[in-house]
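>>> no sequence for this one, just the structure:
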């Protein structure tokens with residue numbers, strides 16, 4: 001017997017919130033509290049909920065035109081990026097389909113791009129830390145989908161938007177030094193993040209140039225930032 005697909009109402013019931021709240025998490029996550037977002041995301045994952053795009057089309061709604069592959073929206077930075085993407089897309093009358101894979105390996109990301117392709121989406125923003133080999137393979141294997149990456153190495157031969165994490169982190173350390181601080185600590189992101197590794201390299205190099213030999217560096221996933229802060 002085929003398993004019934006979870007609905008928006010199922011997610012709302014599982015999370016103990018209204019359907020409107022679930023809709024906001026999908027469409028405007030920035031207006032929902034982190035605690036509520038987390039409850040809704042967990043409910044979606046538990047129920048394997050996938051937004052019913054076909055039903056939206058039958059209801060006369062426009063098909064989403066941009067895909068966004070991101071980390072969990074329970075995290076502050078991903079939710080802010082998703083909100084910005086949806087805001088700018090909306091200004092151009094474009095819809096956004098959001099995918100949050102549990103893993104960021106090639107197979108998981110290729111599955112999400114295949115889902116986008118089935119929805120006739122031909123452009124995707126990938127806001128996950130990726131190694132160059134994975135990002136470049138995704139581009140090579142999906143020539144019909146324009147992929148824009150937000151967290152890859154500067155040397156990766158793909159289309160990407162980034163700022164110089166090395167210069168930024170070095171400038172922060174020098175600024176604190178000029179203010180008279182001599183004790184330094186870094187809450188580093190996950191070691192799987194290319195951006196985090198670039199910041200870490202700059203952090204160590206800048207401290208070495210300043211003659212600072214003792215500094216605290218704590219690694220961990222971003223959602224554990226509170227515990228990391230307590231460790232310092």
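Yes, it's here. Since this is a predicted model, take the numbers as computed values, not measurements.

>>> Report the buried residues of stretch 181-190.
Taking 16 or more other C-beta atoms under 10 Å as the basis for neighbour counts, the residues of stretch 181-190 that come out buried are 184, 186-190. No exception for glycine: its C-beta is placed from N, CA and C like everyone else's.

>>> mind showing which ranges of this structure have poor pLDDT?
With pLDDT under 70 as the threshold, the chain has low-confidence stretches at 1-4, 50-64, 220-232.

>>> so residue 136 makes contact with residue 159?
No - in this structure residue 136 lies outside contact range of residue 159 using C-beta atoms under 8 Å: 11.1 Å.

>>> Between these two, tell me which one has more neighbours.
Remark: of residue 136 and residue 159, residue 136 carries more neighbours, 16 against 12, as counted by other C-beta atoms under 10 Å.

>>> gap between the more buried one and residue 31?
For residue 136, the distance to residue 31 (C-beta to C-beta, to the nearest Å) stands at 36 Å.

>>> Looking at the buried residues of stretch 181-190, which are in strands?
Counting by DSSP state E, these place 184, 186-187 in strands.

>>> Please dump those into CSV; it should also carry distance to residue 94 for every row.
Written out in CSV, the entries for those read as follows (distance: C-beta to C-beta, whole Å):
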residue, distance to residue 94
184, 43
186, 38
187, 35
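
>>> Could you point out which of these is nearest to residue 146?
Ranking those by separation from residue 146, with C-beta to C-beta as the measure, puts residue 187 on top at 34.2 Å.

>>> beta partners of that closest one?
Applying DSSP bridges to residue 187 gives these bridge partners: residue 218.

>>> gap between it and residue 169?
If you measure residue 187 against residue 169 using C-beta to C-beta, the figure is 12 Å.

>>> Flag every buried residue along the one helix or strand residue 82 maps to.
When elements are defined using DSSP states H and E, residue 82 is found to belong to helix 76-91. Neighbour counts using 16+ other C-beta under 10 Å place 78-79, 81-83, 85-86, 89 of helix 76-91 among the buried residues.

>>> Would you mind giving those as TSV with distance to residue 9 added?
Putting the buried residues of helix 76-91 into TSV (distance: C-beta to C-beta, whole Å) gives the following:
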residue	distance to residue 9
78	26
79	23
81	28
82	23
83	24
85	27
86	23
89	26
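
>>> before we move on, back to that, what is the nearest of the ones in strands among the buried residues of stretch 181-190 to residue 20?
Of all those, the one sitting nearest residue 20 is residue 187; the distance, using C-beta to C-beta, is 35.1 Å.

>>> hang on, the closest one packs against residue 218?
Yes - with contacts defined as C-beta under 8 Å, residue 187 counts as touching residue 218 at a distance of 5.8 Å.

>>> Show me the domain layout of this structure.
By the assignment in the TED database, the chain contains the domains 8-59, 65-149, 165-219.

>>> tell me which of the buried residues of stretch 181-190 is nearest to residue 117?
Closest to residue 117 out of the buried residues of stretch 181-190 is residue 190 (28.9 Å), distances taken as C-beta to C-beta.

>>> And that closest one, how far from residue 72?
For residue 190, the distance to residue 72 under the criterion C-beta to C-beta works out to 13 Å.

>>> Then residue 82?
Here the distance between residue 82 and residue 72 works out to 10 Å (C-beta to C-beta).

>>> for residue 35, same thing?
As defined by C-beta to C-beta, residue 35 lies at a distance of 13 Å from residue 72.

>>> Many thanks, have a good one.
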